[in-house]
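In: quick check, what structure comes out for this input:
(2 chains)
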Amino acid sequence: MRLNKSNILAELNWGIILLYLILVGLGWFSIYATTYNEGQELFDLSTHYGKQLLFIGLSIGLIILILSIEASFYERFSSIFYSISLLFLVGLFLFGKSINGQTAWYSFGSFSLQPAEFVKTTTSLAIAKIMSDNLFDIKKLSDLRNVLIILIIPFTLILLQPDFGSAIIYSAFIFVLLREGLSIQFFSAMLGILLIFISTIKYGINSTIIIVLLVVGLFFYYAYRKQALFFRRNWPFVISSVVLVFVITLTSSFLHNRVLKPHHKDRLALWLRMEKDPKKVRQLKRTYGFNNDQSIKTIASGGLLGKGFLEGDRTNGKFVPEQHTDYIFSTIGEEFGLVGASTVIILFVLLIIVIILRAEKQKSKFSRIYGYSVASILFIHFAINIGMVLDLLPTVGIPLPFFSYGGSSLWGFTILLFIFVKLDANQTNVL
Amino acid sequence: MRNKGFILIILTIGSGLFFIARLFYLQVLDDSFRGNPLNNAAVRAKYEYPRRGYIYDRNNKLLVANQTSYDIMVVPNEIRKIDTLEFCEILSIEKEEFIKRVHKAKKYSPWLPSLFLQQLSKEDYAILQEKMFRYKGFYIQKRLLREYPYNSAANVLGYISQVNEEMAKKNPYYQSGELIGYQGVEKYYEKELRGVKGVKYIKRNILNKEIGPYKNGKFDTLSVAGKDLKLSLDVNLQQYGEWLLRNKKGGIVAIEPHSGEILALITAPSYNPSLMVGRDRSKNFNKLYLDKFNKPLFDRSLQAQYSPGSTFKMVNGLIALQEGVITTNTTTRCYGGYKYGVRKEAFMGCHCHTFGRPMKLEEAIYKSCNTFFSTAYRKAIEKYPSAAEGMDAWSQHVKKFGLGNYLGYDLPVGQKGLIPDAKYYNRYYPLKNWKAVTTISNAIGQGEILTTPIQLANMTCAIANRGYYFTPHIVKEIDRKPIDNPKFTIPKKTGIDSTYFEPVIKGMQLVFEKKGGTAYYSQIKGIEICGKTGTVENFISIEGKKTQLADHSIFIAFAPKDNPKIAVAVFVENGGFGSRIAAPIASLMIEKYLTNSIQNEWREKKVQGINLYEQEYNKQLELLKANASK
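Out: Numbering: from 1, shown residues only, chains lettered A, B, ... in the order given. Just a heads-up that it's a prediction; the model follows:
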């Protein structure tokens, strides 16, 4: 430790820390609201908010620990962290505890630990490590392959638990790869395939092909007018992309009609608002859509200003399942209304943007890539969780960072964020 | 490649904006999710029904009390998957019935509570209460039911029943399925009796379990207990009258002349008020409602309009005295009838059997002489320059006796009756060529005149009081405080000088006391009763032919002669001469009320022995049936 303490404090990005504290604080109050019963003690460790208070206290300890460790330590030991964390994931299949059919937990008495929450951090470190190598070139297939392998191992292990929600988080790294030079076409193609798939299900094969070909045709026409050579040089690409549209559309249709089970189709139908029979819609909302339906009813009942802290009758009545974990945002919506909920959204947006901007400022490539990973992971969590709570996405079980109840989740995000804070504070020492 | 970093920034800001837009839509724009903040899945308005006021008779005998019942309410939109079979089994209803009832409730409102099943037994309630949390969308509502210790005076007391959907929409105080007074005192004094219901907003959790008051009870209100009513009714007299009218159709009204308090209000046939309580209420009600021949729900004492017959003669005598066209010494001779025109039919027969002996007003009353009153009536009308003016003056006098219009008593049903005036006859005789003799039937209470039994009883009060009456009323005290409604406490004047009443009252006394008086056989030793018989011809139309039925029997009376305590009007349909049934009933009523005992049991037996169903009504029914089958 070459720096004295006052210097460390001066180098810290207090904006990020402040946002963190606000979000964790608001999160705790929301958890308090979901489990609030009159006449309970504040530090009752049998309650969710009591436990969460303990988790927050331990997080402070973690933060001090993270900030006091040498920054280079994280870069140097990243592969070891990554390997150890994978061992923990594998160990789950031997020693893990099954909750709700998912073997995602190690259990110690009344406390449980979910390793997947920490693997996000170790994977980010590993990715940053491998990509910050001076010889690394993302355009080289072997290098890209290595990155993908690092991602696919934890993704697969988590998917096997099975925890689809935690696995889908690894899609966040596409933004990191993009930032580090992955061709935009790759990203566009992925997005395109997804859109075509959704469009095929919602609007049918014919409409989708017509719409997509129209868009593609317009794009090529525009390109041709601008640069006739473009078309002449790329005609195999043009033709293959048209063929691809047909193939993707037909495959999507085939997948939807033949491969997907009826209950999958029902979920898709509910999500894409395709079911027109009100009876069926009601039935779906009582089954697959139950949580989301309760969630938006609860949020909508908050109105502009909300019902007031602890005054949310639907929160009091525990109408939203999993409200203290994945659906915590609905509490804010009910008790603090549009104003409160929008404020929380703005806080998250601010935090992510500040992290991105700080990441861009990093002189060390490792810090930059790691920072980008942190921002991307937070973004995916934020987008999927709030999207689900607002019934824009189907139910996917992932927590809202810093808000949702749970020690693993809180500690996982705290470590993820504060390693970046430490790296950021340390950049003046990197030459 | 730095620009690619902005993809994430743009996506982040984009999602943030999109989420805020979505929130704005959910929380501000679209109100389909919100509904009533005080009545939804999480907050339920729980009503607390105060004790409905008790009803006592004038001697503090409890007529109407309360008992507890439990109803099951349903909020259709909150029904979740429940064990319908078990639920139906506990309630012992069929599954189809369950579906039907839920469907009906849904039609009323998917969000508001409706009545699902009323009046559970205590045992069913005990079983259900434990399991209720499993039947989301259903809850138990405690409710009060009425209890009738005397099973009497159904027409006076009325009954309470569920508020239907239409009423609930019209009056926001009530919700479908709540109780409201439907007839009688229960209806007229609904507000006093019901009090004000309290409301508690209770938070409930997703399991339909109550978890505490909403906003610490900020919006809750306390219930206000209903007020007790003390009626002027004497239940002993009421029951006695009901007993006397058994097997007869008709009405008896007894009023205390110096206060206007209704002592008895009897209609026959009536029903047991307990039939209107409990799960079979609607079945019973339909049975009563559909009985078009007996019309048990029709209050004959208030709603039946009959010609008053000879009981109306006193009014004509008094008007003639007031108009100065006769004096107490004016005599008339009767030769078996009154000839009022040249044609042979212009003759009104009379059964006074005085054979041309000069007769004064007193005698004319107790002999019920048609000739005397026709003469007096004609003189009163012809005193004025035109028949129209005379008729209007006469009509004014009559109306001051409370006839020809609603009396304004505190019961919800009634009829106006009819007292004709010049306008009325002008309508029937467009040439306006009618004269006093055209309307001569009015002299003897026949013709166009229609009165209800309570109007006749009130008219009797006016005579008993020598010139004024109090608007009849059934409620004496509300919440132990005597009523102070000026409508009932300020006397109404008839405009006839009190001195004119003495000869009339004397004549009415002789009806009982003079041999040859029409109620001579109904007199009671020791009580000076004044009365008058009436016998009214009546017809029904069968196959377009006017068929004469047995006469209606009418009697009015008051007693004692000085400082009268009770005035009675009795009306028995097709009972024959007034002296045959109505007079003994009136005299028995008076005796019962004044002495609380009956001297002559033979009289009771005689009245009881008359079964008009066997003698008259069943014949009428057969006539009507035969007519209908043709």
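In: what about B:Pro385, which SS state?
Out: Three-state assignment for B:Pro385 (DSSP: H, G, I helix; E, B strand; the rest coil): coil.
In: that one - how many residues pack around it?
Out: 8 (other CB atoms under 10 Å in any protein chain shown). The C-beta positions use only the backbone N, C-alpha and C, and glycine is treated the same way.
In: list the contacts of it.
Out: By CB atoms under 8 Å, 6 or more residues apart in numbering or on different chains, the contact list for B:Pro385 is empty.
In: ok, now B:Thr460?
Out: Per CB under 8 Å, 6+ apart, neighbours of B:Thr460: B:255, B:257, B:556-558, B:567-569.
In: near chain B, which residues of the stretch 201-350 of chain A show up?
Out: For the stretch 201-350 of chain A, the residues in contact with chain B (CB under 8 Å from any CB of the partner chain) are A:286, A:294, A:296-297, A:299-304, A:311, A:313-314, A:316-319, A:333, A:337-338, A:341-342, A:345-346, A:348-349.
In: in chain B, which residue is closest to the centre?
Out: B:Val413 (4.3 Å; CA atoms, centre = their mean).
In: do you know the pLDDT at it?
Out: pLDDT for B:Val413: 92.
In: what average pLDDT does stretch B:178-191 get?
Out: 91.
In: do the same with stretch A:271-285
Out: 84.
In: and if you look at stretch A:80-89?
Out: Rounded mean pLDDT across stretch A:80-89 is 95.
In: now that stretch - C-alpha only, CSV.
Out: Presented in CSV, the C-alpha positions along stretch A:80-89 are these (Å, rounded to 0.1, in the frame of the first residue of the first chain):
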residue,chain,number,x,y,z
ILE,A,80,-7.7,-17.8,-10.7
PHE,A,81,-10.8,-16.1,-9.6
TYR,A,82,-12.6,-17.2,-12.7
SER,A,83,-11.4,-20.8,-12.3
ILE,A,84,-12.4,-21.0,-8.7
SER,A,85,-15.8,-19.5,-9.4
LEU,A,86,-16.4,-22.1,-12.1
LEU,A,87,-15.4,-24.8,-9.6
PHE,A,88,-18.1,-23.4,-7.3
LEU,A,89,-20.6,-23.7,-10.1
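In: would you mind listing what in the stretch 1-150 of chain B touches chain A?
Out: Counting by CB under 8 Å from any CB, the stretch 1-150 of chain B sits next to chain A at B:1-2, B:4-5, B:7-9, B:11-13, B:15-16, B:18-20, B:22-24, B:26-28, B:30, B:33-34, B:37, B:40-43, B:80-81.
In: try the stretch 201-350 of chain B
Out: So the stretch 201-350 of chain B meets chain A at B:203-206, B:211-212, B:214-215 (CB under 8 Å from any CB).
In: out of the residues of the stretch 201-350 of chain A next to chain B, which end up buried?
Out: A:294, A:296-297, A:299-303, A:311, A:313-314, A:316-319, A:333, A:337-338, A:341-342, A:345, A:348-349 (16 or more other CB atoms under 10 Å in any protein chain shown).
In: so which of those belong to helices?
Out: Among those, the members falling in helices (DSSP state H) are A:294, A:296-297, A:299-302, A:313-314, A:316, A:333, A:337-338, A:341-342, A:345, A:348-349.
In: ok, B:Lys546 - how many residues close by?
Out: 8.
In: next up, phi/psi of it, please.
Out: phi -80, psi 120 (degrees, to the nearest 10).
In: cool, and B:Phe555?
Out: According to degrees, to the nearest 10, B:Phe555 has phi -150, psi 140.
In: and the residue nearest to it when sequence neighbours are not counted, what does it touch?
Out: Take B:Phe555 and drop its neighbours on the chain: the residue closest to it by CB to CB, 6 or more residues apart in numbering or on different chains is B:Ala582, 3.5 Å away. Neighbouring residues of B:Ala582 by CB under 8 Å, 6+ apart: B:533-534, B:553-555, B:570-572, B:575.
In: helices along the stretch 201-350 of chain A, start to end?
Out: A:205-226, A:228-254, A:262-271, A:278-286, A:290-302, A:313-316, A:329-361 (DSSP state H, counting those that start in this stretch).
In: who touches whatever helix or strand B:Lys200 lives in?
Out: B:Lys200 belongs to strand B:198-204 when assigned by DSSP states H and E. Residues outside strand B:198-204 that contact it (CB under 8 Å, 6+ apart): A:313, A:316-317, B:38, B:41-48, B:50, B:210-215, B:217, B:219-224.
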